[in-house]
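J.: the following comprises the amino acid sequence and a computationally predicted model.
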There are 2 protein chains.
Amino acid sequence: MNKKDSPCKVEFLPLQKSTVVPYGTTILDAAVKAGVEIDVPCGGQGRCGKCLVRIERGEVNHGDSPYLSNEQIQQGWVLSCVAEVASALVISVPSKQEQARVASGITPAKEAAMLHLDWALTPPISQFYVKLPPPDLTDNTADFERLKAAVVAEYQVEDFDISLALLRKLSQNLRKANWQVTLTIDTRGQGRRACLIDIHPGHKRQPSLGVAVDIGTTNVAGSLVDLNSGHIINQVSSLNKQRAYGEDVISRIIYSEHKGRVKHLNKLIIQTINDLLDKLVLPFSLRDENSHLATTDIQYIVMAGNTAMIQLLLSLPPTHIRQEPYIPTTTHFPLVKAGEMGIKINPEASIYCFPAIAAYVGGDITAGVLSSHLFQADKLTLFLDIGTNGEIVLGNSDWMVACACSAGPAFEGAGVTCGMPANMGAIEDVTINSHTLEPTIKVIGDSSPLGICGSGMISALAEMLNTGVIDRSGNIKREISSTPRIRSGQHGAEYVLCWARDSASNKDVVLDEADIDNLIRTKAAIYAGIVVMLKKVGISAAEIEQVLIGGAFGQHINVERAIQIGLLPDIPWGKFYFLGNTSLAGAYNVLLSRQAQQEAEKIARKITYLELVADSMFMSEFTAASFLPHTNPDYFPSARSKPQV
Amino acid sequence: MNKKDSPCKVEFLPLQKSTVVPYGTTILDAAVKAGVEIDVPCGGQGRCGKCLVRIERGEVNHGDSPYLSNEQIQQGWVLSCVAEVASALVISVPSKQEQARVASGITPAKEAAMLHLDWALTPPISQFYVKLPPPDLTDNTADFERLKAAVVAEYQVEDFDISLALLRKLSQNLRKANWQVTLTIDTRGQGRRACLIDIHPGHKRQPSLGVAVDIGTTNVAGSLVDLNSGHIINQVSSLNKQRAYGEDVISRIIYSEHKGRVKHLNKLIIQTINDLLDKLVLPFSLRDENSHLATTDIQYIVMAGNTAMIQLLLSLPPTHIRQEPYIPTTTHFPLVKAGEMGIKINPEASIYCFPAIAAYVGGDITAGVLSSHLFQADKLTLFLDIGTNGEIVLGNSDWMVACACSAGPAFEGAGVTCGMPANMGAIEDVTINSHTLEPTIKVIGDSSPLGICGSGMISALAEMLNTGVIDRSGNIKREISSTPRIRSGQHGAEYVLCWARDSASNKDVVLDEADIDNLIRTKAAIYAGIVVMLKKVGISAAEIEQVLIGGAFGQHINVERAIQIGLLPDIPWGKFYFLGNTSLAGAYNVLLSRQAQQEAEKIARKITYLELVADSMFMSEFTAASFLPHTNPDYFPSARSKPQV
C-alpha cells in the first residue's frame, strides 16, 4: 500500500480524543472529526496564525508560514488549518493562554536578545578606590592633586578633570572620609579628558547605573542598566508629553516656531524623561541601604531619537528641519551634562546623543544600524524602521544608503478615525471570516477595544482585501449587503470592526474609506522609498538577502499581511527578521561599550543619505504604489498566485 | 698748584647766581653760599634723595646713592648734599616739579616695561572668516558640520566644539548672515579641544579683547588688552570689595567659615571684577560703531592672585588653607567660562587662573616668576613680593625654592594706628631733620595726609632710627624733650608725623610703639624668611646676584631705608630691581602667549615649597630679626659703618 493511501490515526491531547483520517487531511478537519474544538478566526485560510497545535509524535506536511519561527517549527508547532496528516499522529491542543502566548510570541527569543550586548563590556564609567596619605607639614600637596596622584599611581588612569561643583566639596569630602574614597570617573573618550563625576567615602562599590533611552515622537522607552555588569534592571516606557503639541514631527516643529515654544517642548521632553527615570528606579528605591537605588546613582545616559526629537531635547530650534532643503543644526550633538539639562540624575553625568544622518534619518536609525549589525552584514540587507516616520537603510558592511519617506503617523494611530497607538485597548490583529465577513479581533491587554493600532490596521486592510470587502483601490464594496458591517459613514463607506456595545468607548470602531486612503498613502510612501532606493543602487528586490525590521511598531507587523497590502516587498517570509526596538538596543550597547560608541560615530558618517522629497522617481513610484498591493502586479507575484475571493 | 687746592667757580642755572668755593665743598654748601635755595628735608644727610641738581658742565665727586639709577647718573643728576665740587661747574637747579619727577621716578623705564610681552604673540583667541556654500537638496550637510568643514578647509584648524548656547542660535545666525560669518575660536591648549566662542555676520575683524587681572587681597588691578596686537588699551585698579570682611587673607578665611559666606565673598570679588571691567571699557564704550568697545567683546581673562583669593573667586571654601597643615583644595584651577562665573563679558570666554604653588604661595607668585624671568635667570636671584603677605622665591633657571612668611598686612596699613593703603592721602615718604627732629613728608597726590602707607612706614622707621627718635628695639626715646612730636599716647609713646591742623582727617597722624612693634614683627618675618631660605639652600646673602622686587607696594620701597630697618638684606643697592606689579605682568604675558601659559604651568610644578610655619629655625631667626636692623650686626655691615646719632 502506498503511504499516501494509508489511513492514519490522529490522537488529540490532553482530551485523549482520537480519529482516523486519510493521509493528507488537514489537522483542522481531523479535529472537527474527532470532536475537538480549535479556534479558527480566519475561517481556516491560514491567515490568522491562531489555530496552533503541537505535534508530539508523527509526521505532517506543513506549508510555509510567516507565523512560526524556525525554533517554533522545531518545537513541533503547526497551524492546524494548513498542516496535513502524513502519518499516525499524537497532537497537543494548547490551552487558549498557551495558544495566545505562542501566537503572539513569534520572536520571543529575539525580543530578549534585543538588548544583548554585542561588544566587550567597556562602559565609560569606572570606579576607583583610593587611600590617600593624609597631608602634613612635610607633604603639602593640594587636595585635588593628592587625589590625582593616588589614582594615577594605582590605576591606569592618566589624568582627569573635576567640575567646579565637585571641587567645591572636595576638601571637606576627603577629610570627612578620612582620606579613603571611592571615585566614579567618566572616561568619555572622543578625544575628551576623563572627568571625576562622583566621590563617596570609604571603599564600597557604589551603584553605577546607566540608562538607555529611545526618544520616539510618540513613545519614550528606557532601560535601567547596571554599568558594572550590563545587567538590565528595569525597562519602562512613557508617552512623550510633547504629543499634546502635535502627533508627528512636522506638526511639532510648526508648533515650536513661536517665541518661547522650543523651550516649552524642551521642558515637556525633560519632564517625560524625568518621569521615566523615576519609574525605572521606583521599585528599587525602597530597598534597604545595601541594595537601594536612586536616580542620583545614574551616572550616564545614552539617548537615541530622531533628529527633531534630539534637537528639542537640547533646545535647538528645529525650524530648518521642516523647511527645504531640510537642514538640522547639527548631526553630531555635543556631550552635555545632566545638570545643565535639568535631568534629575547625578548632575555631573554625561548625556550622549546618537549622531544623526540627516534631518529625517536620525540617531535612532544610527542606533538601529548598530544594533542590527547591518554595518557588519555580509548579506545585502534592507533595514526598515516604521514608526511615526518611515526610515530605510539599504546596504551591507561595505556601503549603506538611507532615506526617509514622509509616511506619516497613520500606523501610529493619527489621521485614522479610530486610530490609536499600540497601547492597552488597541485592536492589534483582525481576521475576517471570508464567508460571514464577521471579524475576529485581538486586543492588546485582552480588554474591550478602544481603537485600532498600526498592526491592526495592516491586518484589517489585508483581510478586507482578501475577503473582497475592499477593491484594489481601497474602495469599500457598498454593494455587499450580506453584512450590516458594511455601511455608509461620514467619510464614505465604512466597515465596522467592533460594535459600540462591545467597545470600551461605547462607539462603533470602524475603518472608513478616508482612513483606508490614508493607510494606502502611508504604505505607498514606504514601498516607494524602498523601490527608489533599490533602483538608485541598481538592485532588484529579489537580490535582498535579508530584511531587518526595527521599531517597536515593526515588531508586531504580520509579514504576510504587510506584503498583501504592498507595504513590504514580496520576498520570502524567511528573509524577514523582527528586531524590536533597535534604537533602544543601540543605546544599550553604547551605554556599555566605548567601542560601540566609536562605531556609532563611524556609521553616522558612513551612511549616504538620499533626499526623496523632491525626487521625481519617488513621486511616480508613490503613485504606482497607491494600490493594493501595487499597480504593477509583477512586483507582487505571491498576490497573483492567490485566489481572489 | 694741586688740583685739590684750587678754588672752583660754581654757577647755578637758571638763576645765573654763582660763587667760588674750595675743591671738595658740597654742592649744597656752594648753593647756600651763592644764595640759591635747595630743599633738604633730611637736613643734608643724603637720606631723602630730594636735593637733586644736574651737572651741566664740570666734574663732581659723588658718593653712592640708592636714589639714582645709572641712567640718571649718566644724565648728570647728583644729590647736592652728597656730591662735592671737583672742578669749575655749571649746575641746573630743577623746579620743584622737575625735582619731584626725577626723585619719584627711580624706575620709570622699568614701570613701562612691566607689561612688556616677552613671548611670541600667540593668543589663544583667533578669528576666522568663512563663506559657506548654502545647503540645497543635493548638499544637505547640517549647519554646524558645514561650518566646521569650511573652517577646516581654509585654515589650519583641526576641529572645534560649540557650546549649546551658541548652537541654539547657529542655524538662525548663519542664515541671517547669508552664510558669511566671522568666527572667534578659543584654541585653549592644555590638551583641551578648541571651542567656538563667538560668531558675527559678514567679514569684519571684530574687537578681540582680553583682560589681565591681578587679584590682590587689597587691590585688584586690570589691564585691557587688544588680543590681536598685544596693545594695552587701558589699565585701572579697584579696592577688593571683600576688604570689608577682613583686611588680610586669614581674617577673610575665618569670615568665610560660616554657612553662605563663601558665596558672599565670591559675590563681592565678582562684583569687584565686573566693576573693574566696566571701568576698563567705559572710555571706549561711547565711540562710534567702528571703534566702539564693549565688555562683551572681552574674549579671555587671565587671573593671577594668591591661593585664597582664587579659591574665593571660584567659590572653593578656603578653610583648610588656614588650618594646619595648610592645604588648598587645588593648585591647578579648572578653566571656567565667564558665563558660569557671573563675569559679564562674552559668556563663552574662558577664565584662566594661574596655577599656585602652595596655600600661601599663590598664582601671583607663579606669574611673578614668569614675568621677572627668574625661571630663566643665570644669576642667583632672590624674588620678593611684599604685599599683604610676604612671599620669597630663591633660585635660577636650574632650581627654585619658595616660602611665605606671615608678614601680616602692616605695610598695607592694617594694624597700624594711622596706617592706610598706598592711595591718595597716604604719607609715602618721611624725612626727619636730625637737628630739629621735624619731619618732612611726601603725600600721594600731594594732598593733605590722611594716614601713612607701607613705604612711608619704612622711611619713618628708618628716619626715627637714624635720628635717634627710637632705639634698636623700637622704643621711642621719651627722654627727648626738645620736640613736642615725641609724647605719650594710648599705646605707649608716639611720634607725631603730622599735626591735626595739617591733616585731612583733622587728627594727628602718629606712629606709636605698638605700631612700631607691629612693623618690626612684619619686617622680621620677611627677613627671617630670606635667611632661613638661604640657610636651607646653603647660600650666603653675599652670593645673591640680584634681588627682584615685585608687587605694587614693593615698587615704592626705598632700598636704603629698607636695609636700614633690616627688612631687606644688606647687599649693594645696585643689585635691587623694582619690577612693579609682576603678577599683572605675568597675567598679561599668558593672555597673549600660549607658550607663556605652558611655562607658567611648568614653573608652578618646578618650584619647591618650604613650609616655615612650624620651622624652629624660622622662629629663632624671627626672634633675632626683631631688632633694628638685626640682633647680629654682622648681617648689616653698612649700618655699622654709619654713625649713630
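T.: Nice, I can see it.

J.: so which residues of the stretch 101-250 of chain A form strands?
T.: A:125-131, A:161-162, A:180-186, A:195-201, A:209-215, A:219-226, A:232-239 (DSSP state E, counting those that start in this stretch).

J.: isn't A:Gly24 up against A:Glu84?
T.: Yes - assessed by C-beta atoms under 8 Å, A:Gly24 is found in contact with A:Glu84 at 5.1 Å. In short, each C-beta sits where N, CA and C put it, glycine included.

J.: joint contacts of the two?
T.: A:Asn61 (C-beta atoms under 8 Å, 6 or more residues apart in numbering or on different chains).

J.: and the two? Which one has more around it.
T.: A:Glu84 (20 against 13; other C-beta atoms under 10 Å in any protein chain shown).

J.: so who does the residue lying closest to the more buried one once chain neighbours are set aside touch?
T.: What sits nearest to A:Glu84 in space, not counting adjacent residues and going by C-beta to C-beta, 6 or more residues apart in numbering or on different chains, is A:Asn61, at 4.5 Å. Going by C-beta under 8 Å, 6+ apart, A:Asn61 touches A:Gly24, A:Ala83, A:Glu84, A:Ala86.

J.: please repeat the previous calculation with a cut-off of 10 Å.
T.: Taking C-beta atoms under 10 Å, 6 or more residues apart in numbering or on different chains, we find A:Asn61 in contact with A:Tyr23, A:Gly24, A:Thr26, A:Val78, A:Val82, A:Ala83, A:Glu84, A:Val85, A:Ala86.

J.: likewise A:Ala304?
T.: A:212-216, A:221, A:310, A:352-356, A:362-368, A:370-371, A:581-588, A:590, A:600.

J.: looking at the strands of the stretch 101-250 of chain A, which is nearest to chain B?
T.: strand A:161-162 (6.5 Å; C-beta to the nearest C-beta).

J.: how about the residues of the stretch 301-450 of chain A by chain B?
T.: A:307, A:311, A:314-321, A:323-336, A:340-341, A:355-360 (C-beta under 10 Å from any C-beta of the partner chain).

J.: from those, which land in helices?
T.: Those of these mapping onto helices are A:Thr307, A:Gln311, A:Thr319, A:His320, A:Ile321, A:Glu340, A:Met341, per DSSP state H.

J.: pick the one among those residues closest to B:Tyr635.
T.: A:Glu340 (59.2 Å; C-beta to C-beta).

J.: which non-adjacent residue is nearest the closest one?
T.: B:Leu164 (7.3 Å).

J.: that neighbour touches A:Asn266, doesn't it?
T.: No - under the criterion of C-beta atoms under 10 Å, B:Leu164 is not in contact with A:Asn266, lying 11.1 Å apart.

J.: shared neighbours of these two, anything?
T.: Common contacts of B:Leu164 and A:Asn266 (C-beta under 10 Å, 6+ apart): A:Leu314, A:Ser315, A:Leu316, A:Met341.

J.: need the max-distance pair from the residues you listed.
T.: A:Leu316 and A:Met341 (12.4 Å).

J.: neighbour count winner among those two?
T.: A:Leu316 (26 against 20).

J.: what about A:Thr138, how many neighbours?
T.: 8.

J.: helix, strand, or coil at A:Ala493?
T.: strand (DSSP: H, G, I helix; E, B strand; the rest coil).

J.: would you mark the buried spots in stretch A:429-437?
T.: For stretch A:429-437, burial by neighbour count (16 or more other C-beta atoms under 10 Å in any protein chain shown) applies to A:Asp429, A:Val430, A:Thr431, A:Ile432, A:Asn433, A:Ser434, A:Leu437.

J.: so for that stretch, mean pLDDT?
T.: When pLDDT is averaged over stretch A:429-437, the result is 93.

J.: ends of it, how far apart?
T.: Counting by C-alpha to C-alpha, to the nearest Å, you get 15 Å between the two ends of stretch A:429-437.

J.: next: stretch A:216-236.
T.: End-to-end distance of stretch A:216-236: 13 Å, with C-alpha to C-alpha as the criterion.

J.: in chain A, what spans have low per-residue confidence?
T.: Where chain A drops to pLDDT under 70, the residues are A:1-3, A:41-48, A:63-67, A:69-71, A:96-114, A:189-191, A:552-555, A:640-645.

J.: for the stretch 151-300 of chain A, which residues are neighbours of chain B?
T.: Residues of the stretch 151-300 of chain A lying near chain B (C-beta under 10 Å from any C-beta): A:158-159, A:161-172, A:174-175, A:190-193, A:262.

J.: any chance of the ones in helices among the residues of the stretch 301-450 of chain A next to chain B in CSV with distance to A:Ala528 as columns?
T.: As requested, those are arranged in CSV below (distance: C-beta to C-beta, whole Å):
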residue, distance to A:Ala528
A:Thr307, 22
A:Gln311, 27
A:Thr319, 27
A:His320, 25
A:Ile321, 22
A:Glu340, 42
A:Met341, 38
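
J.: nearest to chain B among those?
T.: Proximity of these to chain B (C-beta to the nearest C-beta) peaks at A:His320, which lies at 5.1 Å.

J.: count the neighbours of the closest one for me.
T.: 22.

J.: pretty sure it contacts B:Phe144?
T.: No - proximity of A:His320 to B:Phe144 does not meet the contact threshold set by C-beta under 10 Å, at 11.9 Å.

J.: overlap of the contact sets of those two?
T.: A:Pro328, A:Thr329, B:Ser171, B:Leu174.

J.: which strand residues bridge A:Thr19?
T.: A:Val10 (DSSP bridges).

J.: contact partners for it?
T.: By C-beta under 10 Å, 6+ apart, the residues touching A:Thr19 are A:7-12, A:25, A:29-36.

J.: same check, this time on A:Asp297
T.: A:184, A:198, A:206-210, A:224, A:226-227, A:281, A:284, A:345-346, A:349.

J.: please report phi then psi for it.
T.: phi -80, psi -10 (degrees, to the nearest 10).

J.: repeat that for A:Arg501.
T.: Torsion angles, degrees, to the nearest 10, at A:Arg501: phi -60, psi -30.

J.: only whichever of the shared contacts of A:His320 and B:Phe144 are buried, select them in ChimeraX.
T.: Buried residues within the shared contacts of A:His320 and B:Phe144, by 16+ other C-beta under 10 Å, are selected in ChimeraX with:
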select /A:328,329 /B:171,174
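
J.: appreciated, that's everything.
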